[in-house]
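Asker: Dropping the sequence and predicted coords here.
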Amino acid sequence: MAQQPAPAADDDIDRDVCKLVHRFVQRLDVHVRRVAEDVGMTASQVVALRELSEPITARELAARMACEASNATFVLDRLEGQELIERRPHPTDRRAKQIVLTPAGERARAGVLDRLGAHSPLAALAGDRQESLRDLLRELLADG
């Protein structure tokens, strides 16, 4: 019986990186869900608040959240019902609305960001290593 060649070192690295990234994403997801539970929101609402750093459209928010526009709209409807956001006319596009945080939304976002920062899975890395990881991920994702 012929022996199979040993897997190339590149295959091992690829598999290890994929496994490690997947496990880290799971940890981040658990962290976001814990914060959401603590503040009485859904994980999607927490992610939306995290991403609402400036007025943006629902389409832009969906891209930042990596979800369909209809999902972002559902999340925005809930945030609007909680009086955390307002939809305002876009200053340059008559067809679009801008999503703007209300004063209560600003406070909720600040609280969410504080909680996300506390006990974050990224906290295991020093600040410069976090920046290096961010830069590496940006480099890997630059083509897509």
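Answerer: Nice, thanks for sending it over. The structure displayed is predicted, hence computed values, not measured ones.

Asker: What helices and strands are in contact with the longest helix anywhere in the chain?
Answerer: Longest helix of the chain, by residue count under DSSP state H: helix 9-39. For helix 9-39, the packing partners by 3 or more CB pairs under 8 Å, 6 or more residues apart in numbering; DSSP states H and E come out as helix 43-51, helix 103-117. Placement of C-beta: from N, CA and C, glycine included.

Asker: Give the buried residues for the first one.
Answerer: Read it as helix 43-51. 43-51 (16 or more other CB atoms under 10 Å).

Asker: try stretch 62-82
Answerer: Quick answer for stretch 62-82 (16+ other CB under 10 Å): 62, 64-65, 67, 72, 75-76, 78-79.

Asker: Next: stretch 104-117.
Answerer: 105, 108-109, 112, 115-116.

Asker: And for stretch 21-31?
Answerer: H31.

Asker: Distance from the chain centre to it, please.
Answerer: Counting by CA atoms, centre = their mean, to the nearest Å, stretch 21-31 is centred 11 Å from the centre of its parent chain.

Asker: and if you look at stretch 121-129?
Answerer: Centre-to-centre, stretch 121-129 and its host chain are 17 Å apart (CA atoms, centre = their mean).

Asker: Quick one: mean pLDDT for that stretch?
Answerer: Per-residue pLDDT over stretch 121-129 has a mean of 91.

Asker: so A104 sits right up against E86, yeah?
Answerer: No. With contact defined as CB atoms under 8 Å, A104 does not count as touching E86 (10.5 Å).

Asker: Give me the below-cutoff pLDDT ranges for this structure.
Answerer: Along the chain, the parts satisfying pLDDT under 70 run over 1-9, 143-144.

Asker: circling back to that earlier point, return the closest of the buried residues of stretch 62-82 with respect to I99.
Answerer: L76 (6.2 Å; CB to CB).

Asker: May I have the phi/psi pair for C67?
Answerer: Torsion angles at C67 (phi, psi; degrees, to the nearest 10) stand at phi -140, psi 170.
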